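In: Structure for the following, please:
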Amino acid sequence: MSVYEIVKNARSDKRIRTMELVENIFEDIVYLKGDRSFGDSRSIIGGIGSFEDIPITFIGIEKGNGVEDGVKRNFGMPLPEGYRKSMRLMRQAEKFRRPIITFVDTPGAYPGIDAEERGQFEAIASSLKLMASLTVPVITFVIGEGGSGGALALSVANKIYMFENAIYSILSPEGFATILWKNAALADKASEIMKITSKDLYEFGIVDEIVRERNNMPDYMQIKKLISEELSRTNFMTAENLQRERYEKFRMIGR
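Out: Model prediction:
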């Protein structure tokens, strides 16, 4: 596939969604709702579960299946209450010493007026700050679209894994083309320049490993192996070492 074909495939409604992944990877799942401030967000799901008898917290962006479900979930574009819910679950995970596993699939945070009125920028900034300071292990999977700050707000992690045909970028190719050439129709050209595929990001050291796919379905055995190995690796790491490792990972990006 060309890079822009990968972009279109990453956006496809035929790709696996976060909830399906959660229910195929974890056991003893309990979904938790609400940000304790404004309301609940259907764009971001989260809760607690177990992986190989280890209690974990999971958080993910859910695009929904079909038009009706997609509308309810705002097509995976979270509002501020979604990020505030995720931060509530992160603090809970830290309190009970549970590792955090996040799943990213979003074109970006919702840019509407109501989101700005409720403090979208503050919610994203606070999530970045909180994730950087967490004293428990954080693992992120980019499973489809990983767009803009809306994606980064859930991916300040010790390890970032990326599905083979996913994308991860500062903005959409259409947005890039509009800024650079004043023409969104040049998105295919922009996508080639942006280096947003899993292969590119792995070579840059931003992504730690690529999850194999076949017909838009991930290799579940590989996913479980990656989680198991990372939980074993971080099991005896101190809070300070977990924070330092995360800090150094992101400081090295772009060097």
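In: burial count for the closest residue to I54 other than its chain neighbours?
Out: Distance criterion Cβ to Cβ, 6 or more residues apart in numbering; nearest residue to I54, sequence neighbours excluded, is L231 at 6.0 Å. Just so you know, the C-beta spots here come from the backbone N, C-alpha and C atoms, and that holds for glycine as well. Counted with other Cβ atoms under 10 Å, the neighbours of L231 add up to 17.
In: Check P173 too.
Out: 24.
In: so who does it touch?
Out: 4, 7, 187-188, 190-191, 194, 196 (Cβ atoms under 8 Å, 6 or more residues apart in numbering).
In: can you give me the strands for the stretch 51-200 of the chain?
Out: Ranges of strands within the stretch 51-200 of the chain are 54-61, 100-106, 138-147, 159-163, 167-169, based on DSSP state E, counting those that start in this stretch.
In: State the distance from R118 to R255.
Out: Separation of R118 from R255 (Cβ to Cβ, to the nearest Å): 36 Å.
In: Same question for G149.
Out: 21 Å.
In: Over to L231?
Out: Taken as Cβ to Cβ, the span from L231 to R255 is 28 Å.
In: so what pLDDT did the residue nearest to I54 get?
Out: pLDDT for L231: 97.
In: Ramachandran coordinates for S50?
Out: Main-chain dihedrals, S50, degrees, to the nearest 10: phi -140, psi 150.
In: count of neighbours near it?
Out: 13.
In: Mind telling me what element the closest residue to it other than its chain neighbours is part of?
Out: Leaving aside its chain neighbours, S50 sits nearest to D28 (4.6 Å; criterion: Cβ to Cβ, 6+ apart). If you go by DSSP states H and E, D28 is part of strand 27-31.
In: which ones are touching the residue nearest the centre of the chain?
Out: With distances taken as Cα atoms, centre = their mean, V104 lies nearest the centre of the chain, 2.2 Å away. If a contact means Cβ under 8 Å, 6+ apart, then V104 has 60-61, 140-144, 146, 151, 154-155, 168 as its contacts.
In: Show the model's pLDDT score for I170.
Out: At I170, pLDDT is 88.
In: ok, the closest residue to it other than its chain neighbours - contacts?
Out: Setting aside the residues directly before and after it, I170 is nearest to S148 in space (Cβ to Cβ, 6+ apart), at 6.3 Å. Residues in contact with S148 (Cβ under 8 Å, 6+ apart) are 107-109, 169-172.
In: got a markdown table for those, with neighbour count and distance to I227 too?
Out: Below are the contacts of S148 laid out as a markdown table (neighbours: other Cβ atoms under 10 Å; distance: Cβ to Cβ, whole Å):
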| residue | neighbour count | distance to I227 |
| --- | --- | --- |
| P107 | 23 | 26 |
| G108 | 21 | 26 |
| A109 | 28 | 26 |
| S169 | 23 | 25 |
| I170 | 15 | 27 |
| L171 | 17 | 29 |
| S172 | 23 | 29 |
